[in-house]
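Chemist: I would like the atomic coordinates for the input below:
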Amino acid sequence: MTFEIKDRDAAGRLCKFKTKHGTITTPTLLPVINPNKQIITAKEMKQLFQTEIVITNSYIIKKDEKLKQKALKNGVHKLIEFDGPIMTDSGTFQSYVYGDLNIDPIDIVKFQRDIGSDIGTILDVFGTPKQTKKQAQHSIQETIKRAKLSHKIKKNMLLATTVQGSIYPDLRKTCAEKLSELESDFFPIGGVVPIMENQRYTDLVRIILASKKGLNPSKPVHLFGAGHPLIFPLAVALGCDLFDSSAYAKYAQDERMIFSWGTEKLEDLTELPCHCPICTNTTSNELKKMHQNEKTRQIAKHNLYVSFSEIKKIRNAIRQGTLWELVERRATANPHLQESLKVLKTIDNKKWLEQFEPITKNKALFYTGNHTIHRPIIYRLHKRLQKNYIFYNKNTIVLPEGKKPYQKHYAEEIAAILNQYQTNIIINSHLGPAPIELDEFYPFAQSITPKEIDKETQNFLDQVFKEFTKNTKIIKWQNKQNGKQKHEINIDLQKIMAIADMQFQNRSSKSLFKGKIKLVKSKKTGKIRNIYANSEHILSMRASDGKFTLKIHGARLLHKTLKKPKLRVTISKDAEPFILEGKSVFAKFILECDDELRPYDECLIVNEKDELLGVGRTLMNRQEMLAFTNGMAVKTRETI
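Modeler: Numbering: from 1, shown residues only. As a prediction, the model looks like this:
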């Protein structure tokens, strides 16, 4: 098995997951195939929806003697006529629904192995929401015991060990940690169907977060029984990679149609509010008049078209860096889902999510409402402002939100202010306090907000602003035009110093900007593009996000003055020759990493002796670099 990150946003990731029967792109959906009753065959699913992986139930196959013998003789792939990867479930959910079915936990894993399942699942103990904590503890102890025994007999089959723990976050995290110690191949999060059926999305968010915090980040995570696209964006943003859906068929049998915003009964629809092939070629009246079997089949197809369409939207959002916006927009469709986003506003959860958040995005940040200000990237921005920004003067003048970039919009006012005062200038922006030197720094310039923001966001920002400016004196400025600027302030130097301190942290500006500094600006825009120190090219400034690309001479300056492990990714001796040739750093060769580095950060590549080898851009955080054994972790840019 290989599992590699190819792109990312929020805590979501777009990955390639390689199995015996093919490679899967995640996030993705596994339609459930009932071997006794296939409304849509697995073969059709591959043709219609480009389905890469399906899931079927080994318990159902095993209890039917005819299916059992056919599966043992020819394999599960021939049984359901699907040549791609197949995951099999063990009967845990059936045990929950129908009571004790007398399934042997080891025998069912052996059966999955023997019928050629690509991914087999342990028979875990389903943790219901009504369990007491003591009952939930007993359930996870039994689940872990079964996982250990199942590992011994799985052979070449990938084994999915399910995280249980009812509604108790601490038990979920403990269970996840114990299963991670077994080095399982695949991690479903189980016991959530009754929670989703009752729209207890706040509990669902807590369960996913607690499980993810305890899991090895290098393995796929499957949210068991999550078949409705309404929750796909949020679950992916929290780190889930796969979902399975039997809902497409169950809802169809009840004449319910799935949409991204919820579910509608066919009888309530006078028109079909969808552009999938079913809805564009059929009217609601025609659908209602169909024979029951054909009606069920057509609705099931519609349900899968909508579900896979949402998966594609999520993948595009990951590539574009707009996943949180999709999450927030989808949440407005359901009050319970919107309520669940409050869980993400706690400091502990922001802090955990921030580790996985890329430092920049491909598109501007869009304000969608009162959840936007709590995104991990804005949490990071506020923390770095508080920790790393240096006020150059004792006094500060505050200007209100305006057009971007602020320095251009307020050019006349800035000149007038500097004519009267030697002062800091801060914009009271809708994302938080924005020092004028950082007006091009992502996401200040790369954001779109309304003229008036919601009261909750404003109250939150008032507290952020108060904390940020507590050690400076706010002075009132009266707009008086008194001619030429009196105070000589090198705003360009302040800009590059502020950006370096925010981006590289640890007062990095002192290391970088020594001696004779030369700035090269764009003739077209007048913006800084390249920076030289003592005739050496140390930095380039990106127009897209107002951040620096680190050059090898700049890396030398930082390496010399910043103590290990700051900004460093340490690689093994075996990888050293390849890095010096300009090859990128793969995760399996990484020994250590600065825990403050984030995805897409600039970094120093060093060997075990802390000798500088090169400079690059990270694709993972420390936790991931030390866990993954596949895939690129750092894109090397320059070497010594």
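Chemist: which sections of the stretch 351-500 of the chain are below the confidence cut-off?
Modeler: For the stretch 351-500 of the chain, the stretches flagged by pLDDT under 70 are 480-489.
Chemist: quick one: the helices in it?
Modeler: 376-388, 406-409, 411-420, 455-468, 491-504 (DSSP state H, counting those that start in this stretch).
Chemist: Ok, which of the ones you listed comes nearest Lys363?
Modeler: Checking these against Lys363 by Cβ to Cβ gives helix 376-388 as the closest, at 12.5 Å. No exception for glycine: its C-beta is placed from N, CA and C like everyone else's.
Chemist: residues making contact with the closest one?
Modeler: For helix 376-388, the external contacting residues (Cβ atoms under 8 Å, 6 or more residues apart in numbering) are 10, 350-351, 353-354, 356-359, 361, 365, 372, 431-433, 435, 443, 464, 467-468, 501-502, 505, 507, 598.
Chemist: Pull out the buried residues from those.
Modeler: With burial judged by 16 or more other Cβ atoms under 10 Å, the buried subset of those is 10, 350, 353-354, 356-359, 361, 365, 372, 431-433, 435, 443, 464, 468, 501-502, 505, 598.
Chemist: secondary structure element for Tyr248?
Modeler: Assigning secondary structure by DSSP states H and E places Tyr248 in helix 247-253.
Chemist: Flag every buried residue along the lowest-mean-pLDDT helix or strand in the chain.
Modeler: Lowest by mean pLDDT, DSSP states H and E among the helices and strands of the chain is helix 92-98, with a mean of 83. Across helix 92-98, burial judged by 16+ other Cβ under 10 Å covers Thr92, Phe93, Gln94, Ser95, Tyr96.
Chemist: Just the ones of the buried ones among the contacts of helix 376-388 in strands?
Modeler: Residues of the buried ones among the contacts of helix 376-388 located in strands (DSSP state E): Leu365, Gly432, Pro433, Pro435.
Chemist: with those residues in mind, which one is nearest to Gln320?
Modeler: Ranked by distance to Gln320 (Cβ to Cβ), these are led by Leu365 at 11.7 Å.
Chemist: Could you check how far that closest one is from Tyr600?
Modeler: 15 Å (Cβ to Cβ, to the nearest Å).
Chemist: now Pro400
Modeler: 31 Å.
Chemist: So which of those two has more stuff around it?
Modeler: Tyr600 (19 against 9; other Cβ atoms under 10 Å).
Chemist: Surely that one touches Glu357?
Modeler: No - applying Cβ atoms under 8 Å, one finds Tyr600 not in contact with Glu357, separated by 9.7 Å.
Chemist: can you list the buried residues of helix 92-98 in a markdown table and add distance to Ile605?
Modeler: As requested, the buried residues of helix 92-98 are exported to a markdown table (distance: Cβ to Cβ, whole Å):
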| residue | distance to Ile605 |
| --- | --- |
| Thr92 | 45 |
| Phe93 | 47 |
| Gln94 | 51 |
| Ser95 | 51 |
| Tyr96 | 50 |
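Chemist: Which one of those is nearest to His409?
Modeler: Ranked by distance to His409 (Cβ to Cβ), the buried residues of helix 92-98 are led by Phe93 at 57.8 Å.
Chemist: got the contact list for the closest one?
Modeler: By Cβ under 8 Å, 6+ apart, Phe93 lies in contact with Phe126, Val193, Phe224, Gly225.
Chemist: again, only using 10 Å
Modeler: Applying Cβ atoms under 10 Å, 6 or more residues apart in numbering, we find Phe93 in contact with Asn57, Tyr59, Asp124, Phe126, Gly190, Gly191, Val193, Phe224, Gly225, Ser246.
Chemist: What separation is there between it and Ile144?
Modeler: Here Phe93 is placed at a distance of 19 Å from Ile144 (Cβ to Cβ).
Chemist: Ok, Trp352 next?
Modeler: Noted for Trp352: a distance of 23 Å to Ile144, by Cβ to Cβ.
Chemist: where does the protein dip in pLDDT?
Modeler: By pLDDT under 70, the low-scoring segments of the chain are 480-489.
Chemist: Can you give the domain ranges for it?
Modeler: Taking automatic domain parsing as the criterion, the chain consists of the domains 2-341, 347-489, 507-639.
Chemist: Can you add distance to Lys495 and give the ones you listed back as a markdown table?
Modeler: Formatted as a markdown table, those follow (distance: least, Cβ to Cβ, whole Å):
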| stretch | distance to Lys495 |
| --- | --- |
| domain 2-341 | 24 |
| domain 347-489 | 4 |
| domain 507-639 | 7 |
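Chemist: quick one: which of those is nearest Met497?
Modeler: Met497 lies closest, by Cβ to Cβ, to one member of those: domain 507-639, at 3.8 Å.
Chemist: Endpoints of that closest one, how far apart?
Modeler: End-to-end span of domain 507-639 (Cα to Cα, to the nearest Å): 24 Å.
Chemist: so how far is that domain from its chain's centroid?
Modeler: Domain 507-639 has its C-alpha centroid displaced from the chain centroid by 23 Å (Cα atoms, centre = their mean, to the nearest Å).
Chemist: What strands flank the helix or strand Leu30 falls within, and is each parallel or antiparallel?
Modeler: Per DSSP H and E, Leu30 falls inside strand 28-33. Strand 28-33 pairs in its sheet with strand 54-57 (parallel), strand 242-245 (parallel), by DSSP bridges.
Chemist: Packed most tightly, which of those strands would that be?
Modeler: For the strands paired with strand 28-33, average neighbour numbers computed from mean count of other Cβ atoms under 10 Å are highest in strand 242-245, which has a mean of 25.
Chemist: Return the strand holding Leu30 as CSV; C-alpha atoms alone will do.
Modeler: Provided in CSV are the C-alpha atoms of strand 28-33 (Å, rounded to 0.1, in the frame of the first residue of the first chain):
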residue,chain,number,x,y,z
THR,A,28,-13.8,9.6,-2.7
LEU,A,29,-17.0,7.7,-2.2
LEU,A,30,-17.4,3.9,-1.9
PRO,A,31,-20.9,2.9,-3.1
VAL,A,32,-22.2,-0.1,-1.1
ILE,A,33,-22.8,-3.1,-3.2
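Chemist: I'd guess Leu539 is in a strand, am I close?
Modeler: Yes - Leu539 sits within a strand when classified using DSSP: H, G, I helix; E, B strand; the rest coil.
Chemist: Count the neighbours of the closest residue to Ala575 other than its chain neighbours for me.
Modeler: In this structure, Ala575 finds its nearest non-sequential neighbour in Phe589, 3.6 Å apart by Cβ to Cβ, 6 or more residues apart in numbering. Using other Cβ under 10 Å, Phe589 has 19 other residues around it.
Chemist: ok, Phe589 touching Leu613?
Modeler: No - applying Cβ atoms under 10 Å as the test, Phe589 and Leu613 come out as separate, 11.6 Å apart.
Chemist: For these two, list the residues in contact with both.
Modeler: What both Phe589 and Leu613 touch, as defined by Cβ under 10 Å, 6+ apart, is the set Val569, Thr570, Ile571, Ala575, Glu576, Ile579.
Chemist: gap between the two ends of stretch 333-347?
Modeler: Using Cα to Cα, the end-to-end distance of stretch 333-347 comes to 26 Å.
Chemist: distance between that stretch and the chain's centre?
Modeler: Its chain's C-alpha centre and that of stretch 333-347 lie 17 Å apart, by Cα atoms, centre = their mean.
Chemist: Report the buried residues of it.
Modeler: In stretch 333-347, counting by 16+ other Cβ under 10 Å, buried: Asn334, Leu337, Gln338, Ser340, Leu341, Val343, Leu344.
Chemist: Stretch 166-181 too?
Modeler: Quick answer for stretch 166-181 (16+ other Cβ under 10 Å): 166-169, 171-176, 178-180.
Chemist: so after the helix of greatest length in the chain, what's the next helix or strand?
Modeler: The longest helix of the chain (DSSP state H) is helix 292-320. Going down the chain from helix 292-320, the next helix or strand is helix 323-331, by DSSP H and E.
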